[in-house]
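> Fold the following and give me the result.
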Amino acid sequence: MLKKGSKLYSILTGTCPKCQNESMYLDKNPLHLDKILKMHEKCSHCGLKYQIEPSFFYGAMYVSYGLNVAVAIAAFIISFLIFGSSLKVAFISIIASLIVSFPFVLRLSRNIYINMFVSYDPKTNLK
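Numbering: from 1, shown residues only. Next up, the predicted model:
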């Protein structure tokens with residue numbers, strides 16, 4: 001299902017969007033919060049510079065906002081509509097789900113954002 005060469009593969013694995021051969025991050029585990037934003041400067045396989053321009057990943061904040069809204073809506077629907085909790089408990093569940101999903105959403109938003117601008121190039125794997 002997740003085949004190398006698709007944008008979804010690069011987004012979910014955090015690999016270089018151009019060659020998809022190595023992780024963009026120094027530490028693959030998003031739960032190591034002190035290293036969550038630390039990225040390689042460029043891909044050692046294809047040479048793609050991840051920081052395409054200064055402050056490039058500030059644009060990922062917009063993607064992050066959309067993902068966080070989706071998480072909050074899902075938490076509300078599950079808590080309030082499915083389990084029938086009170087509004088107070090539903091909002092507490094929203095806050096808890098946003099805190100728990102924070103490192104994953106942060107990485108995922110960066111992955112989505114860079115994949116909006118860089119496409120997979122199968123020629124880079126011929127090296």
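> give me the number of residues near residue 119?
As a burial measure, residue 119 scores 11 neighbours (other C-beta atoms under 10 Å). Where you see a C-beta, it was placed from the backbone N, CA and C, and this is true even at glycine.
> What are the neighbouring residues in contact with it?
7, 17-18 (C-beta atoms under 8 Å, 6 or more residues apart in numbering).
> go again using 6 Å as the cut-off
For residue 119, the contact set (C-beta atoms under 6 Å, 6 or more residues apart in numbering) is empty.
> Which strands or helices does the longest helix along the chain pack on?
Longest helix of the chain, by residue count under DSSP state H: helix 87-117. Helices and strands touching helix 87-117, by 3 or more C-beta pairs under 6 Å, 6 or more residues apart in numbering; DSSP states H and E, are helix 7-13, helix 60-76.
> Buried residues, that helix. List them.
Buried residues in helix 87-117, counted by 16 or more other C-beta atoms under 10 Å: 90-91, 93-94, 97, 101-102, 105-115.
> Now the weakest link among the helices and strands packed on helix 87-117, please, by mean pLDDT.
Note on the helices and strands packed on helix 87-117: lowest mean pLDDT is at helix 7-13, with a mean of 93.
> from the chain's centre, how far out does the longest helix of the chain sit?
Centre-to-centre, helix 87-117 and its host chain are 9 Å apart (C-alpha atoms, centre = their mean, to the nearest Å).
> re the thing from before, can you put the helices and strands packed on helix 87-117 in CSV and add distance to residue 35 and mean neighbour count?
Listed next are those as CSV, based on distance: least, C-beta to C-beta, whole Å; neighbours: other C-beta atoms under 10 Å:
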stretch, distance to residue 35, mean neighbour count
helix 7-13, 17, 17
helix 60-76, 17, 15
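> Need the ones you listed in a markdown table (columns: distance to residue 44).
Output for the helices and strands packed on helix 87-117, formatted as a markdown table (distance: least, C-beta to C-beta, whole Å):
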| stretch | distance to residue 44 |
| --- | --- |
| helix 7-13 | 16 |
| helix 60-76 | 23 |
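> From the centroid of this protein, which residue is nearest?
Most central in the chain under C-alpha atoms, centre = their mean is residue 108, positioned 0.7 Å from the mean C-alpha point.
> ok, for that residue, nearest residue in space, not its chain neighbours?
Using C-beta to C-beta, 6 or more residues apart in numbering and skipping residues adjacent in sequence, the residue nearest residue 108 is residue 67, 6.3 Å away.
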